[in-house]
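> take this sequence and fold it.
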Amino acid sequence: MAATNLETSSNSNIADDDYDYLFKLVLIGDSGVGKTNLLSRFTRNEFSIESKSTIGVEFATKSVHVDEKIIKAQLWDTAGQERYRAITSAYYRGAVGALLVYDITRHITFENVERWLKELRDHTDANIVIMLVGNKADLRHLRAVPTEEARSFSERENMFFMETSALDATNVEQAFTHVLTQIYRVMSRKALDGTGDPTYLPKGQSIDIVSKDDVTAVKSSGCCSG
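This next block holds a predicted model:
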């Protein structure tokens, strides 16, 4: 089975089950833009030059501190190839944040961002926090997507924007942490001003917004077998 589960923490003193909130984040974008290496750089501080395209889904977790709370991120990384689209509904269900990744050296991967964004918004809550990520910033001499073009697009679509390099770790931690921080603050505001379901952000309790059934469905789906 091609599903992988990795547990890490940004602080060695944080126990795996010691967290205040659990948020599900998804990584989406074309195959080969570096989603898996972004994930491994953030969770394990590793980069593999031999990294192969993800087949099916990989899972990882990492805990970070946000406003004196421990936020545990459950990160889902799936293949960008069209033949794996069958996992869409289970993959997106419960996601409150997303990194939409393109490769700054391949303009077609940026052009496809619009399609990925539509799919994401079709399957998630309107309040999902989205970070547009231009990866492989270390290859600036091969740049095909101007920074301002991507920034303008992200502003029009109400997304955050950052350029990263999984190879040299530039902005990787910042991208994930910024999304998690924004999710926490959006949910906190909704709980405080009463605009959201008051049970959605119970004070001092964990929110498991990822259904075990979803994980099982993705792992057992024929599309995810190696």
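
> where does the prediction get shaky in this protein?
Scanning the chain for pLDDT under 70 picks out 1-17, 50-57, 79-87, 191-226.

> so where do the helices sit in it?
35-44, 88-92, 107-111, 113-123, 147-156, 172-193, 212-220 (DSSP state H).

> for the fifth one, packing partners?
Counting contacts by 3 or more CB pairs under 8 Å, 6 or more residues apart in numbering; DSSP states H and E, the secondary-structure elements packed against helix 147-156 are strand 129-135, strand 160-163. Where you see a C-beta, it was placed from the backbone N, CA and C, and this is true even at glycine.

> export that helix to PDB, keeping only CA atoms.
Written as PDB, here are the backbone C-alpha positions of helix 147-156 (Å, rounded to 0.1, in the frame of the first residue of the first chain):
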ATOM      1  CA  THR A 147       7.100  36.700  -8.800                       C
ATOM      2  CA  GLU A 148       4.700  39.600  -9.400                       C
ATOM      3  CA  GLU A 149       2.500  37.600 -11.800                       C
ATOM      4  CA  ALA A 150       2.000  35.000  -9.100                       C
ATOM      5  CA  ARG A 151       1.600  37.600  -6.400                       C
ATOM      6  CA  SER A 152      -1.100  39.500  -8.400                       C
ATOM      7  CA  PHE A 153      -3.000  36.300  -9.000                       C
ATOM      8  CA  SER A 154      -2.900  35.300  -5.300                       C
ATOM      9  CA  GLU A 155      -4.200  38.800  -4.300                       C
ATOM     10  CA  ARG A 156      -7.100  38.500  -6.800                       C
END
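
> re earlier: pick the most deeply packed of the helices of the chain.
Mean neighbour count (mean count of other CB atoms under 10 Å) peaks for helix 35-44 among the helices of the chain, with a mean of 23.

> which helices and strands sit right next to that one?
strand 21-28, strand 57-66, strand 69-78, strand 97-103, strand 129-135, helix 172-193.

> returning to what we had before: how about TSV for the helices of the chain, with distance to Phe59 added?
Compiled in TSV, those are given as follows (distance: least, CB to CB, whole Å):
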stretch	distance to Phe59
helix 35-44	9
helix 88-92	11
helix 107-111	24
helix 113-123	18
helix 147-156	27
helix 172-193	15
helix 212-220	7
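
> so which of these gets nearest Gly134?
Evaluated over these, closeness to Gly134 peaks at helix 147-156, with 5.3 Å, by CB to CB.

> who's in contact with the closest one?
Contact with helix 147-156 is made by 102, 104, 110, 113, 132, 134, 160-161, 163, as judged by CB atoms under 8 Å, 6 or more residues apart in numbering.

> Asn112 and Leu27: what is the separation?
According to CB to CB, to the nearest Å, Asn112 stands 14 Å off from Leu27.

> so between these two, which is more surrounded?
Between Asn112 and Leu27, counting by other CB atoms under 10 Å, Leu27 is the more crowded of the two (25 against 17).

> can I assume that one is in contact with Ala95?
No: counting by CB atoms under 8 Å, Ala95 is not a contact partner of Leu27; they are 10.2 Å apart.

> common neighbours of these two, please.
Joint contacts of Leu27 and Ala95 (CB under 8 Å, 6+ apart) are Trp76.

> Gln74 against Val26, yeah?
No: using CB under 8 Å, Gln74 makes no contact with Val26, being 9.6 Å away.

> the more surrounded of those two?
Legend: neighbour count by other CB under 10 Å for Gln74 and Val26, higher for Val26 (26 against 20).

> who's that one bridged to?
Beta-bridge partners of Val26, counted by DSSP bridges, are Trp76, Ala98.

> now do the contacts for it.
When contacts are counted by CB under 8 Å, 6+ apart, Val26 touches 75-78, 91-92, 95, 97-99, 120.
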